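[1] Pasted the sequence and its predicted model underneath.
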Amino acid sequence: ELGHNHHRHLPQMMLSLLAGLGIAFALMGHLHQQAWFFEGLGLTPMLLGSHAAGTLLLFILVSPVFMFFVTPLMAWHSRAREFQADAYACQHASGLTLARALVKTSVHNASTLTSDPWYVRAYYSHPPIAQRLAAIRGLASPSPQA
């Protein structure tokens with residue numbers, strides 16, 4: 001967790017989420033004025049009138065279609081931050097201690113050890129334990145000189 005703090009991951013994530021919400025609300029405001037948005041969903045704009053709540057409800061119902069494409073990018077970015085935080089921890093403490101803590105947490109949480117790689121790429125915010133341990137092992141072993 002100190003690695004996340006050092007690299008300022010939390011403020012970066014909060015700014016990213018704030019920007020995403022701003023984009024979503026701007027898009028929703030635009031769609032609220034578009035008849036085709038309602039007609040495409042089988043509704044008439046007059047049915048909802050000028051009620052923003054109806055637009056919000058429709059937007060919430062439609063957004064998973066678009067989030068399907070955004071979620072893997074968000075998951076990839078989150079996993080990259082986890083590797084970065086692990087590398088910071090290994091620079092300032094024992095990689096073996098970190099590995100033991102990760103294994104203990106994984107056992108305590110009953111984590112799956114053999115997750116589908118495509119599912120991991122699309123949805124996992126944290127790398128699987130095997131990948132994290134391999135990365136920690138790679139940080140501990142000397143790299144060959146070219």
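    Structure's in. What do you need?
[2] After the helix or strand bottoming out on mean pLDDT in the chain, which helix or strand is next? Please name it.
    Ranked by mean pLDDT, DSSP states H and E, the weakest helix or strand in the chain is helix 45-48, scoring a mean of 59. On the C-terminal side of helix 45-48, the nearest following helix or strand under DSSP states H and E is helix 52-92.
[3] list the helices and strands that following helix packs on?
    If you count contacts as 3 or more CB pairs under 8 Å, 6 or more residues apart in numbering; DSSP states H and E, helix 52-92 packs onto helix 2-6, helix 9-32, helix 35-40, helix 45-48, helix 95-108, helix 117-123, helix 129-140. Quick note: C-beta positions are derived from backbone N, CA and C, even for glycine.
[4] could you give the angle of that helix to helix 129-140?
    Here helix 52-92 runs at an angle of 40 degrees relative to helix 129-140 (axes from the mean of the first three to the mean of the last three CA atoms, to 10 degrees).
[5] for helix 52-92, what is the average pLDDT?
    For helix 52-92, the mean pLDDT works out to 86.
[6] before we move on, what about stretch 95-102?
    Mean per-residue pLDDT for stretch 95-102: 82.
[7] who touches it?
    With contact meaning CB atoms under 8 Å, 6 or more residues apart in numbering, stretch 95-102 is reached by 86, 89, 90, 129, 132, 133, 136, 137, 139, 140.
[8] right, and out of these, which lies closest to residue 26?
    residue 86 (36.2 Å; CB to CB).
[9] Can you tell me how far the closest one is from residue 43?
    Residue 86 sits 49 Å away from residue 43, taking CB to CB, to the nearest Å as the criterion.
[10] re the thing from before, looking at the helices and strands packed on helix 52-92, which one has the lowest mean pLDDT?
    Taking the mean pLDDT of these, helix 45-48 comes last: a mean of 59.
[11] List phi and psi for residue 43.
    As for residue 43, its main-chain torsions (degrees, to the nearest 10) stand at phi -120, psi 160.
[12] Next up, the contacts around it.
    Shown in contact with residue 43 (CB under 8 Å, 6+ apart): residue 58.
[13] again, only this time at 10 Å
    Counting by CB atoms under 10 Å, 6 or more residues apart in numbering, residue 43 makes contact with 35, 37, 54, 58.
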